[in-house]
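Enquirer: build me a model from this:
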Amino acid sequence: MDFNLIATATFGLEALVAKELKALGYEDLTTENGRVKFSGDEMDVAITNTWLRVADRVLINMGEFEATSFEELYQGVLKLPWGDLMPPDAFMHVNGKSVKSKLYSVPDCQSITKKAIVEAMSRTYPNQTFREDGPTYKIEVAILKDHVTMTIDTSGAGLHKRGYRKDSGAAPLKETLAAALVQLSGWKGEKPLFDPFCGSGTILIEAAMMARKIAPGLNRT
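Expert: Below is the predicted model:
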């Protein structure tokens, strides 16, 4: 199945994420504030979650639409193909955010979104009881200037959680930001790299993984 995907990023680092996606062979990218849009299938979801160093998460873009009322939000969510991706026992955890939109009450938006998803699922799986005791699906309703984007998270823990350390020092640097700093420095691994204020060594660890071509998500669980 082909998906519309979104790789989220810290503001200002979108170009690096796009560069990483191109290096992995992805084309037809759309770069926006805080995210890069691309397309792929189930294997691409796994590849990008494993190999992207600077991105924060990989999301499935379920659909986008305009909504200025709760009824428009409900109908927009209802039309999306939730049953194509989620089983009838899916546990649906809905998060939300709203910026400069008429629908500013995030709790209400979350409640209406979940109600619409349950109704959509009941049409896909008639005569089913939705116990929500199966796998967790993290869903987000994001509204920016009345434009709604519905996504399902595929990453679980943020991609900065590489899995290579049990403890971190005081004020640790996020691994995704450390990887971005190494890439922006232009270092390619051909010369020694020094970090005199290394703290817990995040920049050096990320640089070593890049030089040895070790996937950043190799040890994620």
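
Enquirer: immediately after the longest helix anywhere in the chain, which helix or strand?
Expert: When the chain is parsed with DSSP state H, its longest helix is helix 106-124. Remark: after helix 106-124, the chain's next helix or strand is strand 136-144, criterion DSSP states H and E.

Enquirer: and that following strand, what's buried?
Expert: Y137, K138, I139, E140, V141, A142, I143 (16 or more other Cβ atoms under 10 Å). To be clear about C-beta, it is placed using only N, CA and C from the backbone, and glycine gets the same treatment.

Enquirer: beyond that strand, next helix or strand please.
Expert: Counting by DSSP H and E, what follows strand 136-144 is strand 147-153.

Enquirer: partner strands of that next one and their direction?
Expert: Strand 147-153 pairs in its sheet with strand 57-66 (antiparallel), strand 136-144 (antiparallel), by DSSP bridges.

Enquirer: quick one, which of the ones you listed is nearest to K19?
Expert: strand 57-66 (16.0 Å; Cβ to Cβ).

Enquirer: that closest one vs helix 106-124, what angle?
Expert: Strand 57-66 runs at 90 degrees relative to helix 106-124, counting by axes from the mean of the first three to the mean of the last three Cα atoms, to 10 degrees.

Enquirer: how about low-confidence regions in the protein?
Expert: Applying pLDDT under 70 to the chain flags the ranges 168-171.

Enquirer: helices of that one, start to end?
Expert: 14-23, 42-51, 70-78, 106-124, 175-185, 202-211.

Enquirer: can you add mean neighbour count and distance to V148 and give the ones you listed back as a markdown table?
Expert: Formatted as a markdown table, the helices of the chain follow (neighbours: other Cβ atoms under 10 Å; distance: least, Cβ to Cβ, whole Å):
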| stretch | mean neighbour count | distance to V148 |
| --- | --- | --- |
| helix 14-23 | 18 | 21 |
| helix 42-51 | 16 | 22 |
| helix 70-78 | 17 | 6 |
| helix 106-124 | 17 | 9 |
| helix 175-185 | 20 | 27 |
| helix 202-211 | 19 | 35 |
